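Asks: Using only what follows, build the 3D model:
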Amino acid sequence: MKIEQLYTGCLAQGAYYIESEGEVAIIDPLREIQQYIEKADANKAKIKYILETHFHADFVSGHVDLAKETGATIVFGPGASTEYDIHTATDGEILKLGKVSIKVLHTPGHTLESATYVLIDENGKDHAIFSGDTLFLGDVGRPDLAIKSDLTKEDLAGMLFDSLRNKIMPLADDVIVYPAHGAGSACGKNLSKETVGVLGEQKKTNYALRADMTKAEFVKEVLDGIAPPPQYFAKNAMLNKMGYANFDSVLKTGNVALQPNEFEAMANHESALVLDVRTQADFIKSHIPNSIFIGLNGGFAPWVGALIKDINQPIILVVPEGKSAEAVTRLSRVGYDNTLGYLEGGIDAWKKAGKDIETLTSISAEELATRLKADTLNILDVRKDGEYQSSHLEDVQHLSLDFINEKMNALNKDKTYYIHCAGGYRSVIAASILKARGYTKLIDIAGGFAAIKNTDLPITDFVCPSTL
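Replies: Model (predicted):
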């Protein structure tokens, strides 16, 4: 028996490869499927099952393409309905894989069709669970993502409580837990940085698995402080349910070199969004007017999904050399399949063609401190709500990057804004979006709040009420 976790940091997502006696099951595969086929071929094995823990909302799974390529059976939990062929498992059903077995547990709550897969070894012992978004390390899945359901999030949270108590917690403490996500995913609010654990430890430390917890307490605690889901979640879930374009076709269409004049024509006449995926330092130094920055070196795909509202938006790319295929691939992971090409030769080619460029002013935290002591400044904190509430500069305006498109009207185009996030990535995203919407008096704070804390500027820290 062989188990391998294939973890993708940008999505904080774990796919899994399980092999026994030449038969393979892939759990929650990514959009680009060749990696799974090559791994099976290298081991002279055949992919038999593609096990989906639920209709994912935060990424587009590779299940449809992988099934077409390999002939493997796609398996979903009870209640799943799709526009393509699947095997809808029954609760407790056993799937044979070589000398091992996989038991399907219906664990609704995160979504109605959510399933947890129990891997049973050659000796008939429960070895591991692949818990999807039902159980994370340190948390459980958010119960507000069901597709077209009449159920409330409170109803789903109650189902999740029952699934955890009746299906997962009775399992032995030494059962390994392989979740679908780790820290950084928006599918939960308190996920651990660890990506593999054991059930006994979760029973001791996971707030949602407290033995003395009532259902009412569980519902309240799971829903407390949960942020609205990113706008692309419902769109990705529907793609996973209905099917999607072939990834190889998406890559072929999107990974096309464009000369500066072609690139400019697409931006001006085909309403293509210019997406700059270089580093924030490169964008600050020079960028194409009205382009949006979301760098590959950060949480690229989730921020694309959160901030680019139209999943069918035509996109043209400014990329670091040799990164065009990677950018198209990572866009496709969250369903943005309408990439039309990239600027060949990058910004240097754009400049040589005599095209206009713009820059973004960026200053150090020390310079901010100097200016703030001499004058009143408009400081804009674009970190998430929880980050701001935990600790922030005094007398700042807070506008989380997640909601900048909806709330930017609260800003004044005649004012100068000094923008910061935690480390410098999100502030440049925010500045690029604001610049494209006509806010021209913007100054980025290099190093973000991490650098600001090292100055003598006054900081307001959250104080837990229990300590007052």
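
Asks: give me the low-pLDDT residue ranges for this protein?
Replies: Across the chain, the ranges flagged by pLDDT under 70 are 147-149, 463-468.

Asks: how about a cut-off of 50?
Replies: Residues of the chain that meet the criterion pLDDT under 50 lie in 465-468.

Asks: the domain parsing of it - what is it?
Replies: Taking automatic domain parsing as the domain assignment, the record places the domains of the chain at 2-235, 245-352, 361-466.

Asks: Counting neighbours, what do you get for the nearest residue to Gly138 once chain neighbours are set aside?
Replies: In this structure, Gly138 finds its nearest non-sequential neighbour in Ser192, 3.9 Å apart by C-beta to C-beta, 6 or more residues apart in numbering. No exception for glycine: its C-beta is placed from N, CA and C like everyone else's. In terms of burial, Ser192 registers 18 neighbours under the definition other C-beta atoms under 10 Å.

Asks: Start the count at 682 instead of 1 going forward.
Replies: Let's use 682 as the start, then, which means that last one is Ser873.

Asks: For Ser873, which residues are in contact?
Replies: For Ser873, the contact set (C-beta atoms under 8 Å, 6 or more residues apart in numbering) comprises 817-820, 863-864.

Asks: among those, who's most crowded?
Replies: In terms of neighbours by other C-beta under 10 Å, the contacts of Ser873 top out with Phe817 at 30 neighbours.

Asks: Report the contact partners of it.
Replies: Under the criterion of C-beta under 8 Å, 6+ apart, the contact partners of Phe817 comprise 860-863, 868-869, 872-873.

Asks: What separation do you get for it and Glu875?
Replies: Here the criterion is C-beta to C-beta, to the nearest Å. By it, Phe817 lies 10 Å from Glu875.

Asks: which residues are in contact with both of those two?
Replies: Overlap between the neighbourhoods of Phe817 and Glu875 consists of Gly863, taking contacts as C-beta under 8 Å, 6+ apart.

Asks: So which of the contacts of Phe817 are in strands?
Replies: Counted as lying in strands by DSSP state E, out of these, are Pro860.

Asks: Turn the contacts of Phe817 into JSON lines, columns for distance to Gln1078.
Replies: Putting these into JSON lines (distance: C-beta to C-beta, whole Å) gives the following:
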{"residue": "Pro860", "distance to Gln1078": "37"}
{"residue": "Ala861", "distance to Gln1078": "36"}
{"residue": "His862", "distance to Gln1078": "32"}
{"residue": "Gly863", "distance to Gln1078": "32"}
{"residue": "Cys868", "distance to Gln1078": "29"}
{"residue": "Gly869", "distance to Gln1078": "29"}
{"residue": "Leu872", "distance to Gln1078": "29"}
{"residue": "Ser873", "distance to Gln1078": "33"}
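
Asks: Neighbour-wise, give me the winner out of the contacts of Phe817.
Replies: Per-residue neighbour counts (other C-beta under 10 Å) across the contacts of Phe817 peak at Pro860, which has 32 neighbours.

Asks: Pull the contacting residues for that residue.
Replies: For Pro860, the contacting residues are 695, 812-814, 816-818, 876, by C-beta under 8 Å, 6+ apart.

Asks: so which of these comes closest to Asn917?
Replies: When the contacts of Pro860 are compared for distance to Asn917 (C-beta to C-beta), Asp814 comes out closest, at 12.9 Å.

Asks: Pop out the phi and psi values for the closest one.
Replies: The phi and psi torsions at Asp814 (degrees, to the nearest 10) take the values phi -100, psi 10.

Asks: One more: Thr1042?
Replies: Main-chain dihedrals, Thr1042, degrees, to the nearest 10: phi -70, psi 130.

Asks: Go ahead and confirm Phe944 touches Gly1026.
Replies: No. Counting by C-beta atoms under 8 Å, Gly1026 is not a contact partner of Phe944; they are 10.0 Å apart.

Asks: between the two, who's got more neighbours?
Replies: Summary of the neighbour comparison: Phe944 and Gly1026, criterion other C-beta under 10 Å, with Phe944 having more neighbours (26 against 16).

Asks: quick revisit: ok, and the most crowded of the contacts of Pro860?
Replies: Most neighbours among the contacts of Pro860, by other C-beta under 10 Å: Leu816, with 32 neighbours.

Asks: From Ala1030, how far off is it?
Replies: 50 Å.

Asks: Ok, Lys1094 next?
Replies: Note on Lys1094: its distance to Ala1030, by C-beta to C-beta, is 32 Å.

Asks: do the same with Arg712
Replies: 30 Å.

Asks: Surely Tyr1069 forms part of a helix?
Replies: Yes. According to DSSP: H, G, I helix; E, B strand; the rest coil, Tyr1069 belongs to a helix.

Asks: burial of it, as a residue count?
Replies: The tally of other residues near Tyr1069 (other C-beta under 10 Å) stands at 19.

Asks: In this structure it contacts Val1063, no?
Replies: No. With contacts counted by C-beta under 8 Å, Tyr1069 stays clear of Val1063, the gap being 9.1 Å.

Asks: Residues that sit against both of the two, list them.
Replies: Contact criterion C-beta under 8 Å, 6+ apart; residues bridging Tyr1069 and Val1063 by contacting each: Ser1081.
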